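Colleague: here is a sequence together with a model predicted from it:
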Amino acid sequence: DVQLVESGGGLMQPGGSLRLSCTASGSRFAAYAMGWFRQAPGKEREGVLCISSTGSRKYYADSVKGRFIIFRDNAKNTLYLQMNSLKPEDTAMYYCAPCSVVTGGAQQNSWGQGTQVTVSS
């Protein structure tokens with residue numbers, strides 16, 4: 001498995017923007033499709049975005065289309081999530097993991113510590 005560390009979370013007002021980062025260890029990051037997942041209190045973890053290894057294909061959950069952007073820098077072993085027009089329902093712990101660009105589902109059973117995003121006025 002790829003070891004992953006998420007960062008960049010925080011407390012934001014509705015309508016604000018935030019950028020999350022996910023840094024991977026090891027040399028195989030560029031070989032994986034990578035995605036962002038989130039888990040709100042009392043809810044199951046859901047896949048929200050996934051980007052193929054080269055960045056040519058992406059999966060977006062309907063809930064974030066037009067607001068969130070996923071991109072990656074393979075030279076830096078880093079995955080990014082640009083979150084715009086934040087809503088209170090975006091409040092969750094955000095995780096990154098290898099994913100399927102077809103379904104958005106996770107392709108790894110282990111998870112990092114995540115980064116908390118809270119959207120509240």
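Modeller: Nice, I can see it.

Colleague: can you show me the strands along the protein?
Modeller: 4-7, 10-12, 18-24, 34-39, 46-51, 58-60, 68-73, 78-83, 92-98, 115-119 (DSSP state E).

Colleague: what helices or strands is the second one leaning on?
Modeller: Counting contacts by 3 or more Cβ pairs under 8 Å, 6 or more residues apart in numbering; DSSP states H and E, strand 10-12 is packed against strand 115-119. To be clear about C-beta, it is placed using only N, CA and C from the backbone, and glycine gets the same treatment.

Colleague: so what strands line up beside the strand it packs on?
Modeller: Using DSSP bridges, strand 115-119 pairs in its sheet with strand 10-12 (parallel), strand 92-98 (antiparallel).

Colleague: buried sites along it?
Modeller: Neighbour-count burial for strand 115-119, with 16 or more other Cβ atoms under 10 Å as criterion, is recorded at 115, 117, 119.

Colleague: so where's this protein shaky on pLDDT?
Modeller: Where the chain drops to pLDDT under 70, the residues are 1.

Colleague: middle-most residue in it, spatially?
Modeller: In the chain, the residue lying closest to the centroid (Cα atoms, centre = their mean) is W36, at 2.2 Å.

Colleague: about what we covered before: most packed of the strands paired with strand 115-119?
Modeller: Among the strands paired with strand 115-119, strand 92-98 has the highest mean neighbour count (mean count of other Cβ atoms under 10 Å), at a mean of 23.

Colleague: centre of the chain to that one, how far?
Modeller: Distance of strand 92-98 from the chain centroid (Cα atoms, centre = their mean, to the nearest Å) equals 5 Å.
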